[in-house]
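In: Predicted model follows, preceded by the sequence.
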Amino acid sequence: MLFSEVVGQQTAKNNLIKMWQQNHLPHALLICGQSGAGSLPVSLALAQYIFCEHRTPVDACGHCASCVKVAKMEHADLHFSFPSIAPKPGVKAMSKHFIKEFRDFILKKPYGSTFDWLQNINAENKQGNITAEESRAIIESLSLKAYEGGMKILIIWRPEYLGKEGNMLLKLIEEPPANTIIIFAAENIENIIPTILSRTQMVKLPPISIADITNKLLSSSAVDTRLAQQAARLSEGSYPEALRLLSDVANDLFPQTRNWFNMIFTNNGIGLSKFVEDFAKMGREQQKNMLQYVIHLLEATIHHRYTNTCNLIDDELSFVQKLAKTTISFESLETMIREIAATMYHIERNAHAKMQVHALSIKMVYAIQNKQVSSLIN
Ligand SMILES: [Zn+2]
């Protein structure tokens, strides 16, 4: 994978390249970002950069023999360790039993989650694991000479799955063989054993920016700009989540939202009932997406009031501008956000969507009149 193929994360990419160029890249590196932020893609891009025979100041060349091998996940000195399961009773879980499946999976889904991966190898209810046997195999494979005579790189995907057996790796991490780099690609540092954490240097990946996700979606598929932006905004910085939303949402959330607000502003009981009926017919995920989308618009409205700026365009922008100019107080805008979030919470837990959104609509009518919602309930 090239750095240019990694979605966003420009700061981390620049820092890693700089560390390599200045000879400051640590032997044990922890690349950590929330699910979907790209810790594995960044690790792969770094490995390719290190192996590349004609690297530029910003990226690997993409076509030398080393790049071709890394891109196919076939470089002999690029090792992988990842959560796996016992392939059959009596055989310990080890990466080598699933390396072919892992290569195929990562080639198809470099942003895939461990859940996706474990599903992919039919782990079903089995917990993935990085075992003591795996740790021994890691030590053994890194003690061998590099096949191609250069660097050896081990990517440990999701070190969170290393339990206390991870302590077997401490010596290796502290004193790795010459020309060896160990990259831990993680999502949640709280679940990494402290002995490993304290021996690695961390590069943190923030959630991917809305603009970076939008640009990636627009450049990789023929998708409407508005839909790409909506998916990016709802994805909370996760590229695979944006992809999922794009295929799930599939229609523009704005017209329905605008319609709902029109009914709320005019306190149009019949219109609101119709909205509630239509809302109840949507799938649960779509209901949550829509409510989350409304929260984003309300947050943009608050932001606009404070800063007079807004990163939306077209009719979403004019909607936010109009809403920002109304007499609705900050408190009421915040109340709306809180009530919508509470409704999402209940819908997630299988509450009756129709009743929930009906009650929410009434609370919204009160909120825009700057009336206390509690006075309605009590
Ligand atoms: Zn190259």
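Out: Thanks, I have the structure now.

In: The host helix or strand of Pro240: which residues count as buried?
Out: Using DSSP states H and E, Pro240 maps to helix 239-249. Going by neighbour count (16 or more other Cβ atoms under 10 Å), the buried part of helix 239-249 is Tyr239, Pro240, Glu241, Ala242, Leu243, Arg244, Leu245, Leu246, Val249. (C-beta placed from N, C-alpha, C; glycine too.)

In: any chance of the residues you listed in CSV, with distance to Ile328 too?
Out: Compiled in CSV, the buried residues of helix 239-249 are given as follows (distance: Cβ to Cβ, whole Å):
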residue, distance to Ile328
Tyr239, 34
Pro240, 36
Glu241, 30
Ala242, 30
Leu243, 35
Arg244, 33
Leu245, 28
Leu246, 31
Val249, 27
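
In: Quick check: of those residues, which lies closest to the ion?
Out: Tyr239 (24.2 Å; Cβ to the ion).

In: Please, which helix or strand holds the residue in the stretch 101-250 of the chain that the ion sits nearest to?
Out: Closest residue of the stretch 101-250 of the chain to the ion, Cβ to the ion: Gly150 (12.4 Å). Using DSSP H and E, Gly150 falls within no helix or strand.

In: Could you work out the end-to-end span of stretch 15-33 for me?
Out: 15 Å (Cα to Cα, to the nearest Å).

In: Now that stretch: average pLDDT?
Out: Average pLDDT, stretch 15-33: 96.

In: so how far is it off the chain centroid?
Out: On the basis of Cα atoms, centre = their mean, to the nearest Å, stretch 15-33 sits 22 Å off its chain's mean C-alpha point.

In: Equivalent analysis for stretch 93-108, please.
Out: Relative to the chain's own centre, stretch 93-108 is displaced by 21 Å; criterion: Cα atoms, centre = their mean.

In: Go ahead and produce CSV holding the CA coordinates of it.
Out: This file holds the C-alpha atoms of stretch 93-108, laid out as CSV (Å, rounded to 0.1, in the frame of the first residue of the first chain):
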residue,chain,number,x,y,z
ALA,A,93,-4.1,-20.8,17.2
MET,A,94,-1.2,-19.4,15.1
SER,A,95,-1.0,-16.8,12.3
LYS,A,96,0.8,-19.3,10.0
HIS,A,97,-2.4,-21.4,9.8
PHE,A,98,-4.3,-18.4,8.3
ILE,A,99,-1.7,-16.4,6.5
LYS,A,100,-3.2,-17.0,3.1
GLU,A,101,-6.6,-16.0,4.3
PHE,A,102,-5.1,-13.0,6.0
ARG,A,103,-3.3,-11.8,2.8
ASP,A,104,-6.5,-12.1,0.8
PHE,A,105,-8.5,-10.3,3.5
ILE,A,106,-6.2,-7.4,3.8
LEU,A,107,-5.8,-7.0,0.0
LYS,A,108,-9.6,-6.8,-0.2
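
In: Okay then, goodbye and thanks.
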